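Novice: Model the structure of this input:
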Amino acid sequence: MSHPSPLIATQHQALALRAAGDLTSARRLLADAIIAARPAYGEDHQDVLATGHLLARLHREADDPAAARRVLEEAYAAGERRRGEADPLMLALSFDLAGVSEELGNRHEARRNYSRVATAGAAVLGPDHPAVRAARQYLGGSAAAPAGYGPSPGGFAAAAGPRP
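Specialist: Residues are numbered from 1 along each chain as shown. Predicted coordinates:
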């Protein structure tokens, strides 16, 4: 029987800190946990990537999109070597990276990441998944949906761990 990663408990603890109004401590807890977990789990482990995804969301909530972009870019670079862009967690990272890139005024990077979600996401998550629809809307409907794919159970929620 495998034991759950301590990063899952750390994610829940960070969400509790956030709910209590301590976003700074929640962010610090996640950042420290990622650094501590990389040697044991590897930078591309699903729980390390999911913890980075949550950290990026908290950075955005704290109105620090540059820090969110940095964390998302690092997580995406670590994960793409093993997982590829069609992995549900990688699609979640791409979607948030697209949003933060747009927020920072980098439309080229936003389009590139939304294109990943619109094309690979349609096959993995389904053409009607909210992230795929949002990506296509951003792109002006330019990314065609592959035929024959239905929605994936769980979608990003299953891939990205606990949501704030």
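
Novice: so what's the residue nearest the centre of the chain up against?
Specialist: By C-alpha atoms, centre = their mean, the mean C-alpha position of the chain lies nearest to L93, the distance being 2.9 Å. By C-beta atoms under 8 Å, 6 or more residues apart in numbering, L93 lies in contact with L49, G52, H53, L72, A75, Y76, G79. Glycine gets a C-beta too; all of them are placed from N, C-alpha and C.

Novice: what do you get if the cut-off is 6 Å, keeping everything else the same?
Specialist: Taking C-beta atoms under 6 Å, 6 or more residues apart in numbering, we find L93 in contact with H53, L72, A75, Y76.

Novice: For it, which non-adjacent residue is spatially closest?
Specialist: Of all residues not flanking L93 in the chain, Y76 sits nearest, at 4.8 Å (C-beta to C-beta, 6 or more residues apart in numbering).

Novice: mind checking how far the one you found is from A50?
Specialist: As judged by C-beta to C-beta, to the nearest Å, Y76 and A50 stand 13 Å apart.
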